[in-house]
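**Student:** 3D, please:
(one chain, ligands or ions: 2)
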Amino acid sequence: MLEVLRTSEVIDIINNEFRYDEAEEVGLLESLGRIVSREIISPEDLPPFSRSTVDGYAVFAADTFGSSEALPSYLTIQGEVRMGEATDIKLERYHTVYVPTGGMLPEGADSVVMIEYTERLGKEVTVARPVAPGENIISRGDDVKRGDLLFTKGHRIRPQDVGVLAALGIIKVPVFKKLRVGILSTGDELVSPGENPGPGEVRDINLYSLAASVVKDGGTPEVYGIVKDDFKSLRKVLSDMLLDNDIVLISGGSSVGVRDMTERVMGSFDGSRMLVHGVSVKPGKPTLLACIDGKAVFGLPGHPVSALTIYGLFVRPIISHGELDSDVYVTARMAENYSSNHGREEYLPVRLEEDGNEYLAYPVYGESGLITSLTRAHGVVRIEAGREGLNRGQVVKVRLY
Ligand SMILES: Nc1nc2c(c(=O)[nH]1)N[C@H]1C(S)=C(S)[C@@H](COP(=O)(O)OP(=O)(O)OC[C@H]3O[C@@H](n4cnc5c(N)ncnc54)[C@H](O)[C@@H]3O)O[C@H]1N2
Ligand code: MOO
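**Tutor:** Ligands and ions are numbered 1, 2, ... in the order given. Just a heads-up that it's a prediction; the model follows:
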């Protein structure tokens, strides 16, 4: 019999046993999609000076109050600001200075009149419309202030984040190192997707769905192909994988069948420790985890849905370095009753349909051996252990895939 642990116990074991927190600094473009390894604080104000957001005339707003087409204000031109240059002009009352879009605001000016509402008459400008203080300008530090927290540890860098880092001159970005994840499939019945399966054979799904998951989550997969259910070959490949990878995923052979030798192979390395053999989760109960050379070696259940479910619960958080806000949820109403009385925590794939202002969640039925129960679903609902199931009409949280 397997000694079965709860999900939270496995997560605690992982957090206590493994440290995957090596960081590095990468260039701006390289940082896209990577996870920030420590707080990033702004070293300066952005913008670094107060700027106009339009082509026009910098003014004291008060000098334009009450102006109209019929009765414009007349302001004396005091000078001009050039793009990309500082200005030392101090604006005087009832004066104005021409400023291009993005140009530096002269001292004293509190707003800018768009050029369309002005007319130049020799050394003067007429203003046909009042502006309010602050209109058409961005003040120094409006975007970011020196010392502001830009990104917390665990944030995944998006294109707009690359933009703000560029704006602040942060050209070395502290991120967690990408983890190398060795993956192999075991099973005498498996053939590669490019081959035609003979009688009793099936194409390998897990190597590919797991490698794709690793790419999506920001790791680097190293695929070792299909290894026959044979102690020696499995042990040889695993020892190669341990040399070159941070984490190892072995799909299949984790249950209690006579040919399920993943556990025996894992245990055959010096100092290896079996941490988990069995998790109270449906699907995915026959899950193995060992620590070998300080590395996490997972034995994932062979059924394709179970392999991905367990990957999502335990492997993904490691590879994505505890990424914040990575899960997107919607709330939905169960469209049908669903019974779940096996005492394990369950992850139920659901298909969503819009119904007025809300979503209805339809359970996608299917054995864990049927990969399309995931492809036909939009997301997954967690059903706590000990619940009898879900009732029609009940509101549930759906984590989108
Ligand atoms: N007597 C028991 N039998 C089983 C139990 C149990 O508790 N007692 N648990 C079942 C559950 S739940 C699962 S999940 C599977 C897990 O089995 P293994 O991890 O040992 O995996 P295999 O036996 O190698 O394969 C199971 C199944 O999945 C198919 N498979 C395996 N690898 C792949 C792959 N890479 N791509 C596509 N399909 C794959 C394989 O052909 C089998 O059909 O055990 C149950 N049995
Ligand atoms: O729990 Mo198994 O993991 O059904 O497929």
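
**Student:** Number of residues surrounding the closest residue to residue 376 other than its chain neighbours?
**Tutor:** Closest residue in space to residue 376, ignoring its immediate chain neighbours: residue 364 at 5.2 Å, by Cβ to Cβ, 6 or more residues apart in numbering. Bear in mind the C-beta positions are built from the backbone N, C-alpha and C, glycine included. Per other Cβ atoms under 10 Å, the neighbour tally for residue 364 reads 19.

**Student:** got it, and the one 3 residues further on?
**Tutor:** Applying other Cβ under 10 Å, we find 10 residues neighbouring residue 367.

**Student:** That one: what's it in contact with?
**Tutor:** Taking Cβ atoms under 8 Å, 6 or more residues apart in numbering, we find residue 367 in contact with 303, 305, 373.

**Student:** Show me how the chain divides into domains.
**Tutor:** 7-22+177-319, 26-46+143-176, 51-138, 329-400 (automatic domain parsing).

**Student:** Need the ones you listed in JSON lines (columns: mean pLDDT).
**Tutor:** Formatted as JSON lines, the domains of the chain follow (pLDDT from 0 to 100):
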{"stretch": "domain 7-22+177-319", "mean pLDDT": "95"}
{"stretch": "domain 26-46+143-176", "mean pLDDT": "98"}
{"stretch": "domain 51-138", "mean pLDDT": "97"}
{"stretch": "domain 329-400", "mean pLDDT": "95"}
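
**Student:** got the buried residues for stretch 136-156?
**Tutor:** 136-138, 140-141, 143-144, 150-151, 153-156 (16 or more other Cβ atoms under 10 Å).

**Student:** first to last residue in that stretch, what's the distance?
**Tutor:** Start-to-end span of stretch 136-156 (Cα to Cα, to the nearest Å) is 33 Å.

**Student:** How about stretch 71-84?
**Tutor:** First-to-last residue span, stretch 71-84, Cα to Cα: 35 Å.

**Student:** so how far is it off the chain centroid?
**Tutor:** On the basis of Cα atoms, centre = their mean, to the nearest Å, stretch 71-84 sits 48 Å off its chain's mean C-alpha point.

**Student:** And the contacts of it?
**Tutor:** By Cβ under 8 Å, 6+ apart, stretch 71-84 touches 57-59, 63-64, 66-67, 87, 89, 91-92, 94-100, 102-106, 119-120, 123-128.

**Student:** so who does the residue in the chain that ligand 1 sits nearest to touch?
**Tutor:** Nearest to ligand 1 in the chain, going by Cβ to the nearest ligand atom, is residue 302, at a distance of 2.4 Å. Contacts for residue 302 (Cβ under 8 Å, 6+ apart) come out as 186-187, 206, 251-255.

**Student:** Residue most distant from the centroid, the chain?
**Tutor:** Distance from the C-alpha centroid of the chain, by Cα atoms, centre = their mean, peaks at residue 122 (57.4 Å).

**Student:** ok now do that one, which residues does it touch?
**Tutor:** No residues are in contact with residue 122 under the rule Cβ under 8 Å, 6+ apart.

**Student:** Helix or strand: which one has the residue of the chain closest to ligand 1?
**Tutor:** Under the criterion DSSP states H and E, no helix or strand holds residue 302.

**Student:** any idea how far it is from residue 339?
**Tutor:** Distance of residue 302 to residue 339, given as Cβ to Cβ, to the nearest Å: 26 Å.

**Student:** re the thing from before, just among the contacts of residue 367, which is most surrounded?
**Tutor:** In the contacts of residue 367, the most neighbours by other Cβ under 10 Å go to residue 305, 25 neighbours.

**Student:** Mind putting the domains of the chain into CSV with distance to ligand 2?
**Tutor:** Shown next, in CSV, are these (distance: least, Cβ to the nearest ligand atom, whole Å):
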stretch, distance to ligand 2
domain 7-22+177-319, 3
domain 26-46+143-176, 29
domain 51-138, 56
domain 329-400, 3
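
**Student:** For stretch 138-147, measure first residue to last.
**Tutor:** 19 Å.

**Student:** repeat for stretch 193-212
**Tutor:** 14 Å.

**Student:** going forward can the numbers begin at 621, since that is how I track them
**Tutor:** Okay, residue one is now 621; in that scheme the one you just asked about reads as stretch 813-832.

**Student:** so what's residue 835 up against?
**Tutor:** Neighbours of residue 835 in contact, by Cβ under 8 Å, 6+ apart: residue 841.

**Student:** Can you pull the residues of the stretch 871-1020 of the chain lying near ligand 1?
**Tutor:** 871-877, 880, 903, 905-906, 921-924, 926, 988-989 (Cβ under 6 Å from any ligand atom).

**Student:** Buried subset of the residues you listed as a ChimeraX selection?
**Tutor:** Buried members of those, defined by 16+ other Cβ under 10 Å, are picked up in ChimeraX with:
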select :871,872,873,874,875,880,903,905,906,921,922,923,924,926,988
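
**Student:** Just the ones of the residues of the stretch 871-1020 of the chain next to ligand 1 in strands?
**Tutor:** Taking DSSP state E, the ones among these that sit in strands are residue 871.

**Student:** Take the residues of the stretch 871-1020 of the chain next to ligand 1 and keep only those in helices.
**Tutor:** Using DSSP state H, 924, 926 are the members of these that sit in helices.

**Student:** Tell me where the longest strand sits in the protein.
**Tutor:** strand 965-975.

**Student:** And that strand, what's buried?
**Tutor:** So strand 965-975, judged by 16+ other Cβ under 10 Å, has buried residues 965-972.

**Student:** just checking, what packs against the helix or strand hosting residue 770?
**Tutor:** Using DSSP H and E, the secondary-structure element containing residue 770 is strand 769-771. Strand 769-771 sits against strand 660-661, helix 779-787, with contacts defined as 3 or more Cβ pairs under 8 Å, 6 or more residues apart in numbering; DSSP states H and E.

**Student:** Determine how far the longest helix seen in the chain lies from the middle of the whole chain.
**Tutor:** Counting residues, the longest helix found in the chain (DSSP H) is helix 851-864. Distance, stretch centre to chain centre, for helix 851-864: 32 Å (Cα atoms, centre = their mean).
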